[in-house]
Structures are given as C-alpha cells and as structure tokens.
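> I need the structure of the sequence given here:
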Amino acid sequence: MLKWLITTVLALVLFSGLSRVLSRFGFGRLPGDFTVHLRGRAWPMPLGSTLLLSAIAAVIAHLI
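Presented below is the predicted three-dimensional model:
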C-alpha cells in the first residue's frame, strides 16, 4: 500500500508541474477533477487526471 501512496504523491507532483502542458490534451478537465476556491485563490484538485496518469505509468512500468 505504501508503494501506491508514493506513486500517487509523485503523480500529483508531476501533474502539478506539467499542468499547463497537459491541459492542452484535456487533462485537468476530466470527471473527478475539481477546483476549490479559498480566500481568493483557486486550488486545482486533479483526482481523475491523476488516476489516469498513474494507470498509464503503471502500464508502461509493467511493459518495461
């Protein structure tokens, strides 16, 4: 279970760094992605996109 937690955290970090590039391809607007507006700031929570990217990474890792 610790491996999945680490994978999810790394995917969130990767997604937040690449969010502008990936938004051109539709990531960040999938079902399960939402934005929290708090104190004048928008905090994106890309849960659906993170799960999709984690699944893609797992498939690639399995093939390698």
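> please, where are all the strands along this protein?
33-38, 41-46 (DSSP state E).
> show me where pLDDT drops low in the chain?
Where the chain drops to pLDDT under 70, the residues are 15.
> work out which residue lies at the spatial centre of it.
Centroid-nearest residue in the chain, with Cα atoms, centre = their mean: Thr50, separated by 2.6 Å.
> excluding covalently adjacent residues, which one is nearest to that residue?
Once flanking residues are discounted, Thr50 sits nearest to Ala11: 5.0 Å by Cβ to Cβ, 6 or more residues apart in numbering. (C-beta placed from N, C-alpha, C; glycine too.)
> do His37 as well
Trp43 (7.7 Å).
> and that neighbour, how close does it get to Ser16?
10 Å (Cβ to Cβ, to the nearest Å).
> and for His62?
25 Å.
> who has more neighbours out of those two?
Ser16 (11 against 7; other Cβ atoms under 10 Å).
> next up, the contacts around the more buried one.
Pro44 (Cβ atoms under 8 Å, 6 or more residues apart in numbering).
> this completes my enquiry, with thanks.
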